[in-house]
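> sequence and predicted model, in that order:
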Amino acid sequence: MTETRKQTLGYRGYLRPIFKAGLRYHPTRLKVWVDDQEPVTGEMVMVLKTRYYGGLLIFDEEARPNSGFFLVRVFPHGTLKSVLKYGVAGLTRRICRFHEVIRLKGLSVRIVSQSKMPLQVDGDHCCWTPAEIKMHPCLVPIVVPSMA
């Protein structure tokens, strides 16, 4: 990381920046392409590789770090009311009941917007739209003790 964190980590450390960002946040339409599928639009997008978001919320039961693909959730609305509604659904593991939330699976994700929008990776700012996220296969060495 190129920045130094000035606040504590943990849930309390994220509350203040989330609150400050929420005060100036205005949803914008995002256009999302996953692999060669038709683009979809929404006001909020999550690209998942882990089951738990923030240690508490589950937005996709199938998400795993070693799955070899991204799971993408495209939320149609990004208002504060909608964010709270989706958050409660993630907390209660009921996001799949929201049929308006689009679920996609793939190896590459491209996100564009009419105005420049910030993107986060694991709660920290990483870049701005337009952005492309790609899954690259790699080898993981496995160490096995000798049988001698």
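Ah, there it is. Numbers count the residues shown, from 1 in each chain.
> where in the protein is pLDDT low?
Within the chain, the stretches with pLDDT under 70 are 1-15, 17-18, 21-22, 122-123, 139-141, 148.
> 50 instead, please
By pLDDT under 50, the low-scoring segments of the chain are 1-2.
> against Ile142, how distant is the residue nearest the centre of it?
Central residue of the chain (Cα atoms, centre = their mean): Met46, 2.9 Å from the mean position. According to Cβ to Cβ, to the nearest Å, Met46 and Ile142 sit 31 Å apart. Quick note: C-beta positions are derived from backbone N, CA and C, even for glycine.
> hey, where'd the helices end up in the chain?
Assigned by DSSP state H, the chain shows helices spanning 11-24, 80-91.
> quick one on the thing from earlier: wait, what's in contact with the residue nearest to the centre of the chain?
53, 59, 72-73, 75 (Cβ atoms under 8 Å, 6 or more residues apart in numbering).
> so which of the residues you listed belong to strands?
53, 72-73, 75 (DSSP state E).
> what subset of those is buried?
53, 72-73, 75 (16 or more other Cβ atoms under 10 Å).
> now the residues you listed in CSV, please, with extra columns for distance to Arg103.
Formatted as CSV, those follow (distance: Cβ to Cβ, whole Å):
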residue, distance to Arg103
Tyr53, 15
Val72, 7
Arg73, 6
Phe75, 11
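> from these, which is closest to Gly87?
Nearest to Gly87 among those is Tyr53, at 9.4 Å by Cβ to Cβ.
> spit out the contact partners of the closest one.
Counted by Cβ under 8 Å, 6+ apart, Tyr53 has contacts 46, 59, 90.
> and it, what are its bridge partners?
Beta-bridge pairing for Tyr53 (DSSP bridges): Leu57.
> one more: Met44?
Beta-bridge partners, per DSSP bridges, of Met44: Phe75.
> just confirm it contacts Tyr25, I think it does.
No - shown here, Met44 and Tyr25 do not form a contact pair, counting by Cβ atoms under 8 Å, at 10.3 Å.
> so what sits against both of these two?
By Cβ under 8 Å, 6+ apart, the residues touching both Met44 and Tyr25 are Gly78.
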